[in-house]
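Visitor: Below: sequence and its predicted model.
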Amino acid sequence: MTTPRTAVIGGGPAGLMAAEVLSAAGVAVTVYDRMPSVGRKFLMAGRGGLNLTHSEPLEGFLARYGAARVRLGPLVEAFTPADLIAWAQGLGQETHIGSSGRVFPTSHKASPLLRAWLRRLEAQGVQVRTRHDWLGWDAGGTLRFQTPDGEVAATPDATVLALGGASWPKLGATGDWTEILAKDGAALVALRPSNVGFEAAWSEVFRDRFHGQPLKNVGVSFEGQAARGDAMITREGIEGGAIYALSAPLRDAIVATGSAVLEIDLRPDQSIGQLTARLAIPRGGQSTTNFLRKAAHLSPVEINLLREAHGVELALTAGGLARAIKAAPIALTATRPIDRAISTAGGVALGDVDDDLMIRIRTNVFVAGEMLDWEAPTGGYLLQACFATGVAAARGALKRLAG
């Protein structure tokens, strides 16, 4: 009996996981990637400690996928955070849970995990072809690739597409596959930046003086949605984990109306009443800056952010200052470019793939990872869904091949 042959296009987490599941089942697998090596964005994620997944209960975990939960939920339930942790441990990479509930390899690095993973794939017979840029299909359904030595073709029995979104294109994910699938008749949702920073019209003085300075443990809110964490002032505007948590509604509001007003609470652990009491002490001859620094322990960047939000002349009363500290409105005018986003939303519409992630327009072609139209906040939810959809696409391919 001839061994089935599969092609996995894209060597990121979703593609490599699909390759592992397929090859473990005895299928011949070739992974194609346009870059000189696989796993480049995975390694980039490792610079922040490689947040693999999150330890929160599954019900809350699945809620992080928003409207896409209906489709992604069963896939994550079939390859859970516990499964992902066990998989990493099976590769010799122990994990631990951070104070925020995020799960990391104990090494806090991606490279040991990727090396062990590639050794396993090699042992299972997976072939890796780098510098193979996918061009689509010819009229007969043959896969076409551009390589440094010219065009080559492949005729697998099944294909898994895992080419990523369009963030960090220098690492390989450019989103140009959308043109190929659009010509083929796929239903696509436009790619959009997700987990991204925003632009704000800072004054020249604020921009030049405070670029690169952090806002630690702040609260942020927008239209009833709130998050806490750190943020960073940039020349263009603001970014960081707290901002990324609200990036989807902020982005959508900017698309709809041209701007969005983010409110920043510089002291989320203190009430207006507590702050008012702190600020009710006599000022004496202190300047507003010195008074806020001593009475409310505000840093220079926080004090000047208040002036950006409320005007140079801040309130003089204790209550007015307290309210200003608890709600500093910042007008955001645009997202940062998609190539600066951590991830992307949009892609192949979830209604255009079946329960096994086979795309409607092509028999035995499956889609995984960020090519699908879903988004989630940082915190382990992104990688978890990439791994889970890679597993699902591979299992779907195995069902078709068996059938």
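Guide: In hand now; what should we look at?
Visitor: got a list of what Asp176 touches?
Guide: By C-beta atoms under 8 Å, 6 or more residues apart in numbering, the contact set of Asp176 is empty. Yep, even glycine has a C-beta here, placed from its N, CA and C like the rest.
Visitor: Can you list the low-confidence ranges for the protein?
Guide: 1 (pLDDT under 70).
Visitor: Quick check: phi and psi at the residue nearest in space to the middle of the chain.
Guide: By C-alpha atoms, centre = their mean, the chain has its centre lying nearest to Ser343, at 3.7 Å. Dihedral angles of Ser343 (phi, psi; degrees, to the nearest 10) stand at phi -150, psi 180.
Visitor: likewise His297?
Guide: phi 60, psi 40.
Visitor: Tell me, how many residues neighbour Pro249?
Guide: Residues near Pro249, counting by other C-beta atoms under 10 Å, number 14.
Visitor: Over to Ala19?
Guide: 30.
Visitor: and if you look at Ala158?
Guide: 25.
Visitor: Quick check: it touching Val365?
Guide: Yes: here Ala158 reaches Val365: they are 7.5 Å apart, a contact under C-beta atoms under 8 Å.
Visitor: For the residue nearest to the centre of the chain, which residues are in contact?
Guide: Neighbours of Ser343 in contact, by C-beta under 8 Å, 6+ apart: Gly165, Ser167, Ser194, Asn195, Glu370, Glu375, Ala376, Leu382.
Visitor: which one of the residues you listed has the most neighbours?
Guide: Glu370 (31 neighbours).
Visitor: Okay, helices next: where are they in the stretch 201-350 of the chain?
Guide: 204-210, 241-244, 247-257, 272-279, 288-295, 300-310, 318-326 (DSSP state H, counting those that start in this stretch).
Visitor: on contacts alone, who are the packing partners of the last one?
Guide: It refers to helix 318-326. Secondary-structure packing of helix 318-326 (3 or more C-beta pairs under 8 Å, 6 or more residues apart in numbering; DSSP states H and E): helix 272-279, helix 300-310.
Visitor: Out of those, indicate the one that is most buried.
Guide: Stretch with highest mean neighbour count among these: helix 300-310 (a mean of 20; mean count of other C-beta atoms under 10 Å).
Visitor: That one: how far from the chain's middle?
Guide: A distance of 29 Å separates the centroid of the chain from that of helix 300-310, by C-alpha atoms, centre = their mean, to the nearest Å.
Visitor: now do stretch 316-336
Guide: The answer for stretch 316-336 is 28 Å, by C-alpha atoms, centre = their mean.
Visitor: Straight-line length of it, end to end?
Guide: Terminal residues of stretch 316-336 lie 36 Å apart, using C-alpha to C-alpha, to the nearest Å.
Visitor: Check stretch 375-389 too.
Guide: Stretch 375-389: ends 13 Å apart by C-alpha to C-alpha.
Visitor: what does stretch 326-340 give?
Guide: 30 Å.
Visitor: So His108 lies in a strand, does it not?
Guide: No: secondary structure of His108 (DSSP: H, G, I helix; E, B strand; the rest coil): coil, not part of a strand.
Visitor: Name the nearest residue to it, sequence neighbours excluded.
Guide: Computed as C-beta to C-beta, 6 or more residues apart in numbering, the closest residue to His108 that is not its neighbour in sequence is Gly49, at 4.3 Å.
Visitor: May I have the phi/psi pair for that neighbour?
Guide: Gly49 has phi and psi values of phi 110, psi -10 when expressed as degrees, to the nearest 10.
Visitor: Would you mind confirming that it is in contact with Phe104?
Guide: Yes: taking C-beta under 8 Å as the definition, Gly49 is a contact partner of Phe104 at 5.0 Å.
Visitor: Comparing these two, which shows the higher neighbour count?
Guide: Between Gly49 and Phe104, counted using other C-beta under 10 Å, the more crowded position is Phe104 (21 against 15).
Visitor: pretty sure the more buried one contacts Gln93?
Guide: No: in this structure, Phe104 is not within contact of Gln93 by C-beta under 8 Å, at 9.9 Å.
Visitor: Tell me how this protein divides into domains.
Guide: 5-192+346-402, 198-335 (automatic domain parsing).
Visitor: Kindly compare burial across the ones you listed and name the winner.
Guide: It is domain 5-192+346-402: most buried of the domains of the chain by mean count of other C-beta under 10 Å, with a mean of 19.
Visitor: How far does that one sit from its chain's centre?
Guide: That offset, for domain 5-192+346-402, works out to 13 Å (C-alpha atoms, centre = their mean).
Visitor: And that domain, end to end?
Guide: End-to-end distance for domain 5-192+346-402: 12 Å, by C-alpha to C-alpha.
Visitor: Could you measure from the residue lying closest to Leu298 once chain neighbours are set aside over to Trp168?
Guide: Counting by C-beta to C-beta, 6+ apart, Leu292 is the residue found nearest to Leu298 once chain neighbours are left out, at 4.6 Å. Computed with C-beta to C-beta, to the nearest Å, the distance linking Leu292 and Trp168 is 39 Å.
Visitor: now Asn364
Guide: 30 Å.
Visitor: Let me have the helices and strands packed on helix 318-326 in CSV, adding distance to Leu58 as columns.
Guide: Formatted as CSV, the helices and strands packed on helix 318-326 follow (distance: least, C-beta to C-beta, whole Å):
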stretch, distance to Leu58
helix 272-279, 37
helix 300-310, 38
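Visitor: Of those, which is nearest His211?
Guide: helix 300-310 (10.0 Å; C-beta to C-beta).
Visitor: Next, the angle helix 288-295 makes with that closest one.
Guide: Interaxial angle, helix 300-310 versus helix 288-295 (axes from the mean of the first three to the mean of the last three C-alpha atoms, to 10 degrees): 120 degrees.
Visitor: That concludes my questions; thank you for your assistance.
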